[in-house]
Each structure stands twice: as C-alpha cells, then as structure tokens.
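S.K.: one predicted model, sequence on top.
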Amino acid sequence: MKIAVVLGTRPEIIKMAPIIDEIIKRKIDLTILHTGQHYDEEMSDNFFRDLEIPAPDYNIHVGSGSHAKQTALMMEGIEGVLMDEKPDIVLVQGDTNAVLAGSLVASKLHIAIGHVESGLRSFDMTMPEEVNRRVCDVTSTMYFIPTEQSAINLLAEGYSRTNLFITGNTVVDACFRHLEIAKKRGFDEESLASLDIDNMDNILTLTMHRAENVDIKSRVINIIDAIKELNDMNVIFPIHPRTKKTLQDFGLFDELNNLKHVHIIKPLGYLDFLQLTSKSTLILTDSGGLQEEAITLNVPALTLRYNTERPETVTAGGNILVGSDKDVILENAKKILNDKEFAEKMKNAPNPYGQGNSAKLTVDAIQNYFDEGLLDIKAPEDIMSSFERKMALIDENVSVKEFEDKNNASIHMIFDGEKMRFPADDLKLKGMCVTYDEYK
Ligand code: UD1
Ligand code: UDP
C-alpha cells in the first residue's frame, strides 16, 4: 500500500505528524507532498524538525496569492505528483486550500481520499475553510472524524455511516507526545530570549490570523482596545505573518507593540508554543487548533469568533465565543481572572477530542480498507443504476442492527427528540424518534 499525504500549512504539519509517524512505524510506503502555502521557516520547516517527521518528498512552492491562484497552482502541481506516485489513498487534513486542491485532484484521478478532521461545520459560508471542508467531504472515501457531533453533521448531509470513523483528533496525540519532550528540553527560541516566561505570572497567550478578524480594521481595533485594558496580564503574542502584515498596513502594529504588557514575538516552534500555552492563565485566539489544544491542556479559552466548527469545546465548558466585541472579551476575561471557581470549571472541562490514539485508529482503518479492497474507486458497472433513499419513522422495540437485518436497510440518522444521533448497532430504537402521533 502507498499513502500520499498532502499538506501545506502549519496546522496541517502538526496534525498530520502523528499519522506520518504511525505510517512510518508500520513501514507503509509514504509520499509527503507540501504545497508550499506556508514557506517561512517558522511557519513550516521548524515543525518538521520539532515533530521529528521527514522532510517532504515534494514541495510545489505555490507561495501566497489569491484563493483561485493558490488553489489552481496547487492542483497543477499535485496532479503531476499523484500521476507519478500512484498512491492507493491521498490523505488531507482539515480545511485549507491544500485540502480543496488535493481532494479535487485525487478524485478526478480516481484515487481514494481520506479526510482527516472531517465533518466539522461552522455553517458560515463566508469562511474559505467552510467551503474547503465541505467540498473535500463530497469527494472523500474515508472520513476520520474527531467527535460524534461532527459525525452527526455528515449523517445529516446524507453521508453513509459505513465510511465514518470517529477517531478523536490527532492534535491530542501531538500535544500529549510533545509536551513532555518540550518540558524536558526547555525553551529554545531566540524570540523568547528577552522574556522570562518561567517567572511570569498571568500569561495570556494571544493568536489571531482569521481573515474575518485581521483583514477588517474595525475588528482589529476592538480586539486591541480590549487587550489594552488587560494590563495586569502578560500578553504574549506570537504573531502570524498575515496578521503582522495587516497590522502594519493599518498602522496599528507600533501602537500594540509599544504597550508595556504586550510582547509581540515571531511565531514559535511547536515545542516552545506548547510550553507557553500550558503555562498560560488564559488563551485568546481565533485559531481552530488552539481551541482544541486549550481544552486538551486544561487552559480556559476565549475565541475571537462568532461561530465555531468546534462547538464541543463550548458545550464542554472550556471555551467561550467572544467575537471581536471589546466588552464581551473584557467581561469574560475578567471573570476568568477574578472568579476562581469559574476558571476552575473551565480548566476542568472534559476534553472531547479523544485519548491521544487518533493516528493509530486512523491508520488501522486505512489498512483495513486497503486489505478489503475498499480503497478501489468503483467502476460504472459496479454502481447501482437506480438508488433510492427513504425517510422512515421508527419506534420499534428493536436495536439498530436488528432493524437493519430485518429490513435489509441501513439507518443513517436517529432523531432522539432533541438532536440527530450517531446510530450505534446496539442502540434500541424504541423512543429514539418522534412518532407520527406526537408529531401531529
Ligand atoms: C491559512 C489557511 C487557514 C489556516 C492558516 C493556518 C486557507 C484558505 N487558509 O491561512 O485555514 O487556519 O493557514 O495558519 O488555506 N505569509 C507569510 N509567510 C508564510 C505564509 C504566509 O508571510 O509562510 C503571509 C503572506 O502575506 C500571505 C498571508 O500570510 O499572503 C496569508 O497566508 P495564507 O497561507 O494565504 O493564509 P493564512 O492566513 O495563513
Ligand atoms: N502554533 C505554534 N506556534 C505559534 C502559534 C501556533 O506552534 O506561534 C500551533 C498551535 O499549537 C496549533 C497550530 O499552530 O497546533 C494552530 O495553527 P493556526 O492557528 O495557524 O491554524 P488553525 O488551527 O487556525 O487552522
């Protein structure tokens, strides 16, 4: 079996690293293709080093550009590599342009696609990431899904549950594995040299890079105004290159940088960043990965967004959506800083993203599909010419499996009166739906 991994940005390198490790450990043939979307050393190479994964076999150096240009260049480059390498499956992770390009190209070449971190939905179609992840899901063969909630999103869109694998999120694997290594090693970055982080109280780690925040001046100003007032915190801000550029363009960089309690530093390597976040009292972010890492590391998070495709973190109690509203940011930050009981509750929120064995579960499933011949894309003669789906209200005193066996049908979703649920084989169906009488 040959697996190709397509990645292009910092979070993809971090979250694919545990899977790459697992593939190598099992001596499966592997090709790593970097699109080159992130190219600065501190946004790319440092992560291959810190996470101890091999350098990419290919880098197609697409660099920065508009969405269309970036995606088109990626598609052309990825196509050439996949035609030469002929992998059995292409793995993409998350929701970046590499995911869009990789999945479109692989599907046209009739190569199976495994979408790692599939099923997330913000329902916000202004986000390029929402478009990317939805398109990728349409083309995928295997879906590696972090939580039951995300599986329900896919079921509700009509995906067959046979190809859905709830694996947890590989970010937990990366966090658990590297935090101890990081602590033993200590800080390594020049950018931290001027800061005595080990002796700092009240660290607030700030990251932001979302287009809908940093490209809109009024939103950036609101966030900066809130940060100005949090002057009893040590705000450490490893700045994303996109954000540095827009803050400079808006003429806001110096104002923020000159605040005594704010320390703007270059993006950190993974080992340094894990140490920083795990020592933090509070994380203020619009990052997807950081919402997951905060709850994994038991640090309260305030998310600078109005919606999230990680609603489990909010429901669990570890994350609050504060948008870019100065008053809401301040109100919640102060509550966490001043109300110990509230802060403890946030810290102790249960982690919904698994036990740190996501990579193993993912590669197990791929190996199994390969062995069973399920990665082969079906030829036209093997596809039913007429396929009909039906809606059914079921209120029988049987399990899902019993119902499916008896009716030669598969159940995709169960509505328990409040929400759609992922059907387990042994789930009893009685009472799991609204009956017609109740519905009337
Ligand atoms: C991309 C992803 C986003 C992800 C983020 C992770 C898409 C659509 N967006 O956003 O989902 O959350 O990566 O960080 O795929 N730049 C540099 N050096 C670099 C990379 C970028 O200076 O190594 C600057 C360039 O000015 C560039 C800007 O950052 O124009 C934005 O980079 P880009 O990769 O287009 O988007 P991100 O905001 O990084
Ligand atoms: N990260 C890092 N150094 C930094 C900032 C972030 O190593 O200076 C890591 C962080 O631990 C997380 C990932 O980068 O795993 C998140 O990346 P980003 O916020 O760029 O993207 P997103 O997750 O929003 O797609």
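M.R.: That came through fine. Ligands and ions are numbered 1, 2, ... in the order given.

S.K.: what sits against the nearest residue to Lys260 once chain neighbours are set aside?
M.R.: For Lys260, ignoring the flanking residues on the chain, the nearest one in space by CB to CB, 6 or more residues apart in numbering is Asn231 at 7.6 Å. Backbone N, C-alpha and C define where each C-beta goes, glycine included. Taking CB atoms under 8 Å, 6 or more residues apart in numbering as the criterion, Asn231 is in contact with Leu259, Lys260, His261.

S.K.: I figured Tyr39 hits Ile60, correct?
M.R.: No: using CB atoms under 8 Å as the test, Tyr39 is too far from Ile60 to be in contact (11.0 Å).

S.K.: compare those two and say which one has the larger neighbour count.
M.R.: Ile60 (23 against 17; other CB atoms under 10 Å).

S.K.: distance of that one from Glu42?
M.R.: 20 Å (CB to CB, to the nearest Å).

S.K.: kindly report the same for Leu7.
M.R.: 16 Å.

S.K.: more neighbours: which of the two?
M.R.: Legend: neighbour count by other CB under 10 Å for Leu7 and Glu42, higher for Leu7 (31 against 17).

S.K.: which residues does the more buried one bridge with?
M.R.: Taking DSSP bridges as the rule, Leu7 bridges to His34.

S.K.: am I right that it is in contact with Ala17?
M.R.: No: assessed by CB under 8 Å, Leu7 is found out of contact with Ala17, at 9.6 Å.

S.K.: quick one: neighbours of Glu79, just the number.
M.R.: Glu79: 16 neighbours (other CB under 10 Å).

S.K.: so which residues on this structure come close to ligand 2?
M.R.: 10-11, 14, 207, 209, 238, 267-268, 270, 273, 287-290, 293 (CB under 6 Å from any ligand atom).

S.K.: in what helix or strand does the residue in the stretch 1-150 of the chain that ligand 2 sits nearest to lie?
M.R.: At 3.8 Å from ligand 2, Pro11 is the closest residue in the stretch 1-150 of the chain, using CB to the nearest ligand atom. Per DSSP states H and E, Pro11 falls inside helix 10-25.

S.K.: check which residues of that helix are buried.
M.R.: By 16 or more other CB atoms under 10 Å, the buried positions in helix 10-25 come out as 10-23.

S.K.: near ligand 1 at all, it?
M.R.: Yes: Helix 10-25 comes into contact with ligand 1 (CB under 6 Å from any ligand atom), by way of Arg10, Pro11.

S.K.: quick one: list the elements packing against that helix.
M.R.: strand 2-7, strand 29-34, helix 45-50, strand 89-93, strand 112-116, helix 170-185, helix 288-296, helix 358-371 (3 or more CB pairs under 8 Å, 6 or more residues apart in numbering; DSSP states H and E).

S.K.: neighbouring contacts of the fourth one?
M.R.: For strand 89-93, the external contacting residues (CB under 8 Å, 6+ apart) are 1, 3-7, 11-12, 15-16, 19, 82, 98-99, 102-103, 106, 111-117, 136, 141-142, 170, 366, 369-370, 375.

S.K.: I appreciate the help and will end here.
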